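Chemist: Pasting the sequence and the predicted model now:
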Amino acid sequence: MSETEASSAVSEDTTKYVEEGKNKLIVKCKFCGSKILEKKTATYISQEKELPLMQQDVNRKEGEIQKEMIKGYFHVENMYTFENIGFTHQVDTYKYLTCADCDAGPVGYFETDSKHSYVALSRVVQC
């Protein structure tokens, strides 16, 4: 399943991931399995935001960043809520979130103005 298909599937049925508005299960990196969030520590929000693809096409133009629209995020108000997360350098008013163990990402983004984080459901696994 492509990242775009996964994004669509998540937005259609959130009941297996969300309970009482919070993440129902532990959120982990889909590549290395590192724990990112404990159960019920983030709030689900249905919003659309464009993120760079996790794997860029090697045949793209020099300097071009391929992106996709993602719908469905876990909102984290305090960055200390995370079990394991990394931050990129600032791009405009954002920092992208990555797995602190394997550097896979971006799995979401951090707003430098509000200090809130958003983890894309389609970029992580839950168990």
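Modeler: Received, thanks.

Chemist: got any ranges where this structure has weak pLDDT?
Modeler: 1-13 (pLDDT under 70).

Chemist: Now for Q126: which residues touch it?
Modeler: By CB atoms under 8 Å, 6 or more residues apart in numbering, Q126 lies in contact with Y17, N23, K24, L25, I26, V27, K28. (Each C-beta comes from the backbone N, C-alpha and C, glycine too.)

Chemist: and with 7 Å instead?
Modeler: Taking CB atoms under 7 Å, 6 or more residues apart in numbering, we find Q126 in contact with Y17, N23, L25, I26, V27.

Chemist: The residue lying closest to it once chain neighbours are set aside and M79, how far apart?
Modeler: Once flanking residues are discounted, Q126 sits nearest to L25: 3.9 Å by CB to CB, 6 or more residues apart in numbering. Counting by CB to CB, to the nearest Å, the separation of L25 from M79 is 21 Å.

Chemist: and if you look at L121?
Modeler: 19 Å.

Chemist: Name the residue in those two with the higher neighbour count.
Modeler: Using other CB atoms under 10 Å, the more surrounded residue of L121 and M79 is L121, with 26 against 14.

Chemist: and the more buried one, what does it touch?
Modeler: V10, Y17, G72, Y73, F74.

Chemist: T93 now?
Modeler: Contacts here follow CB under 7 Å, 6+ apart; on that basis T93 touches E111, T112, D113.

Chemist: In strands, which of those residues fall?
Modeler: Judged by DSSP state E, the contacts of T93 include E111 as members of strands.

Chemist: now that we have the contacts of T93, which one has the most neighbours?
Modeler: Those, ranked by neighbours (other CB under 10 Å): first place T112, 14 neighbours.
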